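Peer 1: A structural model of the following input is requested.
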Amino acid sequence: MSNNLGKRLLELSVEKGISQRELATMIGVTETTVSRYIKGTREPKIEILSNLATVLDTTIDDLIGEEKEEKNPEEYPQIKRLIARNSKKLTMVEKRELIDVLLSEEE
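Peer 2: Numbering: from 1, shown residues only. Below you'll find the model as predicted:
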């Protein structure tokens with residue numbers, strides 16, 4: 001893990017007006033430990049990463065600098081054809097579930 005975590009912790013805590021001491025208290029570690037996360041000299045366990053993400057209202061991927069793959073718009077016609085070809089085989093319940101999934105992906 002690079003020091004992306006430290007940069008994001010600092011950015012988000014400043015953005016939210018949370019001091020290192022407050023952040024430490026909120027996630028159950030010492031202020032020194034938070035300082036080490038920010039400097040990149042210590043890496044948090046997954047439970048602490050999860051707590052940090054919750055407190056800072058973000059995701060673990062965002063904290064550690066993992067970028068999500070962008071969907072390729074060129075793939076959409078292929079997906080549409082696949083759905084159209086197989087839609088007659090779907091029950092009404094399956095069609096509703098598919099619609100729910102598709103709509104939730106856009107949010």
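Peer 1: which residues does the longest helix seen in the chain contact?
Peer 2: In the chain, with assignment by DSSP state H, the single longest helix is helix 92-106. The contact list for helix 92-106, computed with C-beta atoms under 8 Å, 6 or more residues apart in numbering, reads 83, 87, 90. No exception for glycine: its C-beta is placed from N, CA and C like everyone else's.
Peer 1: how far does it sit from the chain's center?
Peer 2: 22 Å (C-alpha atoms, centre = their mean, to the nearest Å).
Peer 1: same question, stretch 31-39
Peer 2: With C-alpha atoms, centre = their mean, you get 22 Å for stretch 31-39.
Peer 1: buried ones in it, by neighbour count?
Peer 2: Buried residues in stretch 31-39, counted by 16 or more other C-beta atoms under 10 Å: 33-38.
Peer 1: next, count neighbours for Ala84.
Peer 2: 9 (other C-beta atoms under 10 Å).
Peer 1: mean confidence score for stretch 22-33?
Peer 2: In this model, stretch 22-33 carries a mean pLDDT of 95.
Peer 1: measure that stretch end to end?
Peer 2: End-to-end distance for stretch 22-33, by C-alpha to C-alpha, to the nearest Å: 12 Å.
Peer 1: what of stretch 83-97?
Peer 2: 13 Å.
Peer 1: so how far is that stretch from its chain's centroid?
Peer 2: 30 Å.
Peer 1: which residues touch the residue nearest to the spatial centre of the chain?
Peer 2: Among the residues of the chain, the one closest to the centroid is Thr59, at 3.1 Å (C-alpha atoms, centre = their mean). Counting by C-beta under 8 Å, 6+ apart, Thr59 touches Ala53.
Peer 1: sorry, back to before: which positions in the longest helix of the chain come out as buried?
Peer 2: For helix 92-106, it's none, nothing buried (16+ other C-beta under 10 Å).
Peer 1: low pLDDT regions in this structure?
Peer 2: Counting by pLDDT under 70, the chain has low-confidence residues at 1-2, 66-82, 105-107.
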